[in-house]
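Asker: Structure for this input, please:
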Amino acid sequence: MRLIKRLAGGLKRFASASREDPSINTGCSEFEVNNWLISDFIVKKLVPLAGIHPYPLAELNLMVAAVCRLKPQQIFEWGTNIGKSARIFHEVGKHFRIPLHVHSIDLPDDAEHGEHPRSDRGYMVKGLRDVTLYQADGLVQAIELYQNNPGYKTLVFIDGDHGYESVLRELQGVIKSMPNANVLLHDTFFQSALAGYNVGPFNAIQDVLAASPGKYRVMSTNTGLPGMTLLYQL
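Answerer: Numbering: from 1, shown residues only. Model (predicted):
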C-alpha cells in the first residue's frame, strides 16, 4: 500500500511539473524556454494527436515555445485545412494554462484552391470553445478581429498560399495593422530559395525584414524542409 501511495505521489508530482511554465528568465531580453518540459509535452500529447506532418518535431517545438514564451491572448491563422495547427495551439494553451483564443480562417466554400479542405474544414477543432472558425480572406478577417482587441498579445500564423506575393502582402499587412503582433510562418526553409523551389515565404521574409530593420528578432528551423520561422518582439 505504501509503495502504491509513493508511486501515485510521484506521478502526481511529475504531472504537476510537466505543466510548469516553460518560460525561463522572462525578465531577460533573450528568448529562452525549458525544452525538457516542452519535449515531454510534444512526445506525450502532440505527436499522438497531430503526428509529425506537416510539422516535424523541430517545428512543433518552435510552435509550442512561441506560445509558452510569448503568451498570446489571441492567435490568428489562415489556411485552416483540417484544423491541425489550431488544435496544436489549443492544446498548448490548455496544457500550460495559457488563456488564449484561436481564430482560424479558411477559404469560402466556392473558392477554388488545390488545398481547399471542403467538408473536412476544421474537423480537428470543431466544438472547442476557444477556437473559432471563419471563411474569408485571412488577412482581412484577422485585421478586423484584431481591431476588436488591439491591446491583446497577438500571434499570427501564416501557412496559407506559399506564393511570394501573397506572403509579402500578408506580412506587410500584419506589420501595418497589428504592430504588436509576433509572426510564425511555415515552409520557410532557406535552402529552398537557393534550390529554386518553394521560394515565396523565404524571399518575402527577407524583403520585409530589410524594409523594417530592427523590428523583429528571428528564430528559424533551418535543418531541412519544410522549415518554420518566428519573427518576434520581446
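Asker: can you list the weak-confidence ranges in the protein?
Answerer: 1-17, 109-119, 160, 192-197 (pLDDT under 70).
Asker: Now the terminal residues of stretch 27-47, how far apart.
Answerer: Between the opening and closing residues of stretch 27-47 lies a distance of 31 Å (C-alpha to C-alpha, to the nearest Å).
Asker: Of all the residues in that stretch, which ones are buried?
Answerer: 31, 33, 37-38, 41-42, 45-46 (16 or more other C-beta atoms under 10 Å). The way it works is simple: take the backbone N, C-alpha and C, and place the C-beta from them, glycine included.
Asker: Farthest-apart pair in those residues, please.
Answerer: Comparing every pair within the buried residues of stretch 27-47 by C-beta to C-beta identifies Phe31 and Lys45 as the most remote, at 22.4 Å.
Asker: Next, count neighbours for Tyr134.
Answerer: 19 (other C-beta atoms under 10 Å).
Asker: Could you export stretch 177-192 as PDB, CA atoms only?
Answerer: Extracted in PDB, the C-alpha atoms of stretch 177-192 (Å, rounded to 0.1, in the frame of the first residue of the first chain):
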ATOM      1  CA  SER A 177      -2.300  46.800 -38.900                       C
ATOM      2  CA  MET A 178      -1.100  44.700 -36.000                       C
ATOM      3  CA  PRO A 179       2.100  46.500 -34.800                       C
ATOM      4  CA  ASN A 180       2.400  44.400 -31.600                       C
ATOM      5  CA  ALA A 181       2.000  41.000 -33.300                       C
ATOM      6  CA  ASN A 182       4.600  38.300 -33.400                       C
ATOM      7  CA  VAL A 183       4.500  36.100 -36.500                       C
ATOM      8  CA  LEU A 184       5.100  32.400 -37.200                       C
ATOM      9  CA  LEU A 185       5.500  31.400 -40.900                       C
ATOM     10  CA  HIS A 186       5.600  27.900 -42.300                       C
ATOM     11  CA  ASP A 187       7.500  26.500 -45.300                       C
ATOM     12  CA  THR A 188      10.400  28.900 -44.900                       C
ATOM     13  CA  PHE A 189      13.500  26.700 -45.300                       C
ATOM     14  CA  PHE A 190      16.200  28.900 -46.700                       C
ATOM     15  CA  GLN A 191      17.700  26.200 -48.900                       C
ATOM     16  CA  SER A 192      14.500  26.100 -50.900                       C
END
